[in-house]
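1. quick one, structure for this:
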Amino acid sequence: MPNAIRFHQPGGPEVLRWENVELPAPAAGEARVRHHAVGLNYIDTYHRTGLYPLPLPSGIGLEGAGVVEAVGEGVSEVAVGDRVAYAGGPVGAYAEARNIPAHRLLKLPDAISFETAAAMMLQGLTSAYLLRRTYRVQPGDAVLIHAAAGGVGLIACQWAKALGATVIGTVGSPAKAALAKAHGCDHVIDYTTENFAQRVREITGGEGVPVVYDGVGQATFAGSLDSLRPLGMLVSFGNASGPVPPVDLIQLSQKGSLFITRPTLMTYTAKRADLVALGEELFDVVGSGKVRIEINQRYALKDAAQAHIDLEARKTTGSTILIP
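-> Numbers count the residues shown, from 1 in each chain. Reported below is the predicted structural model:
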């Protein structure tokens, strides 16, 4: 029987357990994937703590890469032996092997390794829909990207730069500032020592930016609104610092007829055609070398609890992977 990380009650990293699991033959429409690498993402902590509740007991993890070992009846998207990667669920990626709906799998180009794929799928597909669908970044745009040295941040900053944008990134330390600067940020703001909304106004000549990509949440929300130009869009896609408080809609009119959206990858990839199209854009931009995937931490899969501790303590940069 394969091993997997599971949890039986919500809580801290200590609730994660390394367990043997039964793995039946793939059902109709499913494929069995033997993981070579698994991705670690902040949303995993939301599932573990119960912020995003799951039926318990539960597996955990939303992305991985490996080889198809078996397929169920009616599967046409992949075949046994295919190199594949996926992101966005269903949960259960923290496992040596698992069954997953075949329509969620993308065939992996030979030029992209399993480790790179596991490190980039959720963060990369998130960057893809943020930059190419939610607000389509154009050459000459100035964009604000929070947590620029994080997993999504490093990918999104490079990609936005490749699209011809002026990239403004926020970080929480000088070391992270240097990392962001090396990955496409034209201007880096340390929000622990600077008022980032004020700096954004200075950088943009008082105008503000057309879009803010905010995965931090509570700590940056008010400043993000104040960084936007009239008719600008705040894309709130995460809660790393805590949930955003209730919004008084009249603020949006007072600050310049602003837009707020709270998108999810699952909505943007619900149709397989959309998933495949975003995957192709991601594979192309990584394969071209315009976006480099930084794997800065590796943990054994059985040590997932320690990986969560380090992630929540903001000790990680770039992407983190778990190795079965």
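
2. which is the next helix or strand following the strand ranked longest in the chain?
-> Secondary structure of the chain per DSSP state E: the longest strand is strand 30-40. Moving toward the C-terminus from strand 30-40, the next helix or strand (DSSP states H and E) is helix 42-49.

3. re the thing from before, which elements pack onto the longest strand of the chain?
-> strand 63-71, strand 83-87, strand 97-101, helix 114-129, helix 304-312, strand 319-323 (3 or more CB pairs under 8 Å, 6 or more residues apart in numbering; DSSP states H and E). C-beta coordinates here come from the backbone N, C-alpha and C atoms, glycine included.

4. return the distance of it from the chain's centre.
-> Centre-to-centre, strand 30-40 and its host chain are 17 Å apart (CA atoms, centre = their mean, to the nearest Å).

5. alpha carbons of that strand, as CSV, please.
-> In CSV, the C-alpha atoms belonging to strand 30-40 read as follows (Å, rounded to 0.1, in the frame of the first residue of the first chain):
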residue,chain,number,x,y,z
GLU,A,30,-9.8,8.3,-13.4
ALA,A,31,-6.1,7.7,-13.8
ARG,A,32,-3.5,6.5,-11.2
VAL,A,33,-0.5,8.7,-11.0
ARG,A,34,2.8,7.6,-9.3
HIS,A,35,4.2,10.9,-8.0
HIS,A,36,7.8,11.9,-8.5
ALA,A,37,7.3,15.3,-6.8
VAL,A,38,4.5,17.1,-5.0
GLY,A,39,4.0,20.8,-4.6
LEU,A,40,3.6,22.8,-1.4
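
6. nearest to residue 285 among the helices and strands packed on strand 30-40 would be which one?
-> Checking these against residue 285 by CB to CB gives helix 114-129 as the closest, at 8.2 Å.

7. can you check what angle separates that closest one from strand 83-87?
-> Between helix 114-129 and strand 83-87, the angle comes out at 40 degrees (axes from the mean of the first three to the mean of the last three CA atoms, to 10 degrees).

8. just checking, what packs against helix 114-129?
-> Checked by 3+ CB pairs under 8 Å, 6+ apart, helix 114-129 has strand 30-40, strand 63-71, strand 83-87, helix 151-162, helix 265-268, helix 272-287, strand 295-300, strand 319-323 packed alongside it.

9. can you tell me the strand partners of the next helix or strand after it and which way each runs?
-> Where DSSP H and E defines the elements, the next helix or strand beyond helix 114-129 is strand 142-145. The strands beside strand 142-145 in its sheet (DSSP bridges) come out as strand 166-171 (parallel), strand 209-214 (parallel).

10. got the buried residues for stretch 135-143?
-> Residues 135, 137, 141-143 are the ones in stretch 135-143 that count as buried (16 or more other CB atoms under 10 Å).

11. go on, stretch 267-279?
-> Neighbour counts over stretch 267-279 (16+ other CB under 10 Å) mark 268-269, 275, 278-279 as buried.

12. how about stretch 235-250?
-> Quick answer for stretch 235-250 (16+ other CB under 10 Å): 235-241, 244.

13. can I get the residues you listed in a markdown table with distance to residue 173 and pLDDT?
-> As requested, the buried residues of stretch 235-250 are exported to a markdown table (distance: CB to CB, whole Å; pLDDT from 0 to 100):
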| residue | distance to residue 173 | pLDDT |
| --- | --- | --- |
| 235 | 24 | 98 |
| 236 | 23 | 97 |
| 237 | 22 | 94 |
| 238 | 19 | 88 |
| 239 | 21 | 81 |
| 240 | 15 | 78 |
| 241 | 15 | 79 |
| 244 | 23 | 90 |
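
14. identify the farthest-apart pair in those.
-> With distances taken as CB to CB, the most widely separated pair in these is 235 and 241, at 16.0 Å.

15. re earlier: make TSV out of the helices and strands packed on helix 114-129 and add mean pLDDT.
-> Output for those, formatted as TSV (pLDDT from 0 to 100):
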stretch	mean pLDDT
strand 30-40	98
strand 63-71	98
strand 83-87	97
helix 151-162	94
helix 265-268	93
helix 272-287	96
strand 295-300	94
strand 319-323	94
